[in-house]
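Peer 1: Provide a 3D model corresponding to the input given below.
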Amino acid sequence: MIARSTAFTYKSKLVDVKQVGTELSVRYALEGSAQIGSSKVRVNAQLIDTESGAHLWADHFDAERSDLLEMQDQIVARLARALSIELIDAEVNRAKRTRPENLDAQDFAMRCLSQLIRSTNYEDIATIISPCQRALQIDDKNVLALSWMAIMTIFPVTISQSSDPATATKAADELASKALAIDPNDSVAHAAKASVLMAEGRHEEAIVEAELSVALNPSDIYGHLMNAVAYNFLCEPERSIDVVDKAIRLSPRDPLLWALYEVKGEAFFIKQQDDKAIEWLRRELAISPRGVPYGRLLLVSALALDGRLPEARDALKIYLASSFAKSKTISEFRAQQIALASSPKWLAYNGRIFDGLREAGMPE
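Peer 2: Modelled structure (predicted):
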C-alpha cells in the first residue's frame, strides 16, 4: 500500500496504470472519481491489475451529503470491504497461475479465505479448509490460517451440529489463542476468539471480542456477524437486528449476506414474530439453497408454529437429508443447544423451537 501523499502526485494526470505499477512497485491500482449533486455524492471506483492493465472490478457508492464526515466514513468502509473481497480473489487467481511448489503459506491461506467467503454450502468443511491446513503445514504461525481454522472448527458447535463439541471447542480455542498471541491486533483472530467464547457460553466476553474485531477493521463483516450472533445468544434480538442492519448497509452485496439474513431471522424468532422469521430465513435460502442446518431448523419450527405444517414437513425432510445435520432428533439438538447458554430467556426461546420441531414431526 502506498501513502496518500505519493498517490496524490498522480491526481488529475493522464497516466499509464502499468507505469504506475512499475514506478511504485504495486500490483494493483484503485482509480476513482466523484460526482456531486445537490443532496448526494456518487463515488465511482475501479480496481486495475497494473501488470496486465486488466480491470478486475468496478462499482459505485452513493451517500447523502447531509453529513460529509459520516458520508466519507460510509464510503471508505464500504469500499474497504469490497476491495478486501476482490483483492483476495485477484491474489487467488494469481496464485493459480503460479507453480504449486512456489506457493507460500499466505497464498494457501488466501485461497482458503476465498473459498470460505464465497461458499454457500458448508456440508464439506474439510474440503473448504484444506488450503488453510496446507498453509499451516508450511508456516504454523500464519495468523490468517489459524484464525479461519478456529472459526470453521467451532462453527458446527455454535450451530448445534457437532459430533464432538468438547474436542472441537478445545481445538478451536488453541488455534484462536495462538493467532492472538502472534498478532493481538488481528481483527479476524478476535472474531475467532468471539466464536470460541460463544461455544463456551461466555457471551458477554464474546461481544467484547467481536467489538474489538470491528474496531480493528470496521469493514470486516465477520466481526459484525459475530457481534449479532452473541446478542442472539443473550436473547437481545433488537440489538442483534441493529448490528445486522448496520452490516447490510455497510456491504449490501456481501458474500456473507446469507449469514446476516439467518441471524436476523433468528432474532425475529426470539421476538416470537414467526412471519418475519420465515421471511428472513427464506431470504437466506434464496442465496444459499442448501442452507446451514441451524437456519433450516429454525425455518421448520417457525413454519410449524405459524400453522404451515406441509411446508414445515417438507423443510424438515431437506434438513434430515443433509450430511451436515448431526442433530437428527430433538433430544440431540436440545443437548447441544442448552450447552451453549442457560438463561431463562434462552430456555424459553429453545422451548418454542422444540415445540415447532415436534409439530413438524422431527423424531423425539
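Peer 1: now do the contacts for the spatially most central residue of the chain.
Peer 2: In the chain, the residue lying closest to the centroid (Cα atoms, centre = their mean) is residue 222, at 4.0 Å. Residues counted as contacts of residue 222 (Cβ atoms under 8 Å, 6 or more residues apart in numbering) are 151, 188, 191, 213, 256. Yep, even glycine has a C-beta here, placed from its N, CA and C like the rest.
Peer 1: just those: which are in helices?
Peer 2: If you go by DSSP state H, those have 151, 188, 191, 213 in helices.
Peer 1: counting neighbours, which of the residues you listed comes out on top?
Peer 2: In terms of neighbour count, residue 191 stands highest of these at 30 neighbours, by other Cβ atoms under 10 Å.
Peer 1: so for that one, what's the nearest residue that isn't a sequence neighbour?
Peer 2: residue 213 (4.2 Å; Cβ to Cβ, 6 or more residues apart in numbering).
Peer 1: tell me the contacts of that neighbour?
Peer 2: 187, 188, 190, 191, 194, 220, 222, 223, 226, 227.
Peer 1: one more time with 10 Å, if that's ok
Peer 2: Contact partners of residue 213, counting by Cβ atoms under 10 Å, 6 or more residues apart in numbering, are 186-194, 220, 222-227.
Peer 1: now list the buried members of those residues.
Peer 2: 186-194, 220, 222-227 (16 or more other Cβ atoms under 10 Å).
Peer 1: out of the residues you listed, flag the one nearest to residue 310.
Peer 2: Distance to residue 310 across the buried ones among the contacts of residue 213 (Cβ to Cβ) is lowest for residue 225, with 32.4 Å.
Peer 1: I figured that closest one hits residue 231, correct?
Peer 2: No: counting by Cβ atoms under 10 Å, residue 225 stays clear of residue 231, with 11.0 Å between them.
Peer 1: so for the two, which residues contact both of them?
Peer 2: 210, 243, 244, 263.
Peer 1: a markdown table for those residues, including secondary structure and distance to residue 274?
Peer 2: Shown next, in a markdown table, are those (DSSP: H, G, I helix; E, B strand; the rest coil; distance: Cβ to Cβ, whole Å):
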| residue | secondary structure | distance to residue 274 |
| --- | --- | --- |
| 210 | helix | 27 |
| 243 | helix | 22 |
| 244 | helix | 18 |
| 263 | helix | 16 |
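Peer 1: where's residue 38, which helix or strand?
Peer 2: Residue 38 is part of no helix or strand when elements are defined by DSSP states H and E.
Peer 1: okay, now it: neighbour count?
Peer 2: Neighbour tally, residue 38, other Cβ under 10 Å: 5.
Peer 1: list the contacts for it?
Peer 2: Residues in contact with residue 38 (Cβ under 10 Å, 6+ apart) are residue 65.
Peer 1: cool, and residue 363?
Peer 2: 316, 320, 328, 329, 330, 331, 332, 357.
Peer 1: pick the one among the residues you listed closest to residue 118.
Peer 2: Of the contacts of residue 363, the one sitting nearest to residue 118 (Cβ to Cβ) turns out to be residue 320, at 27.0 Å.
Peer 1: what helix or strand is that closest one on?
Peer 2: Using DSSP H and E, residue 320 falls in helix 309-321.
Peer 1: pLDDT below threshold where in the chain?
Peer 2: Scanning the chain for pLDDT under 70 picks out 1-14, 24-27, 56, 66-76, 78, 80, 83-103, 120-124, 290-291.
Peer 1: mind jotting down where the strands sit in it?
Peer 2: 28-36, 40-49, 55-64 (DSSP state E).
Peer 1: and these, which is most packed in?
Peer 2: strand 40-49 (a mean of 17; mean count of other Cβ atoms under 10 Å).
Peer 1: for it, name the packing helices and strands.
Peer 2: Applying 3 or more Cβ pairs under 10 Å, 6 or more residues apart in numbering; DSSP states H and E, one finds that strand 40-49 contacts helix 17-24, strand 28-36, strand 55-64, helix 68-96.
Peer 1: per-domain residue ranges of the chain.
Peer 2: 4-101, 104-360 (automatic domain parsing).
Peer 1: so which of those domains is the most packed in?
Peer 2: Most buried among those, counting by mean count of other Cβ under 10 Å: domain 104-360, with a mean of 20.
Peer 1: ok so, going back, in CSV: the strands of the chain, plus distance to residue 145.
Peer 2: Output for the strands of the chain, formatted as CSV (distance: least, Cβ to Cβ, whole Å):
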stretch, distance to residue 145
strand 28-36, 22
strand 40-49, 25
strand 55-64, 24
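Peer 1: out of the ones you listed, which is closest to residue 181?
Peer 2: Nearest to residue 181 among those is strand 28-36; the distance by Cβ to Cβ comes to 31.2 Å.
Peer 1: paired strands for that closest one, with orientation please.
Peer 2: strand 40-49 (antiparallel) (DSSP bridges).
Peer 1: right, I'll call it a day here.
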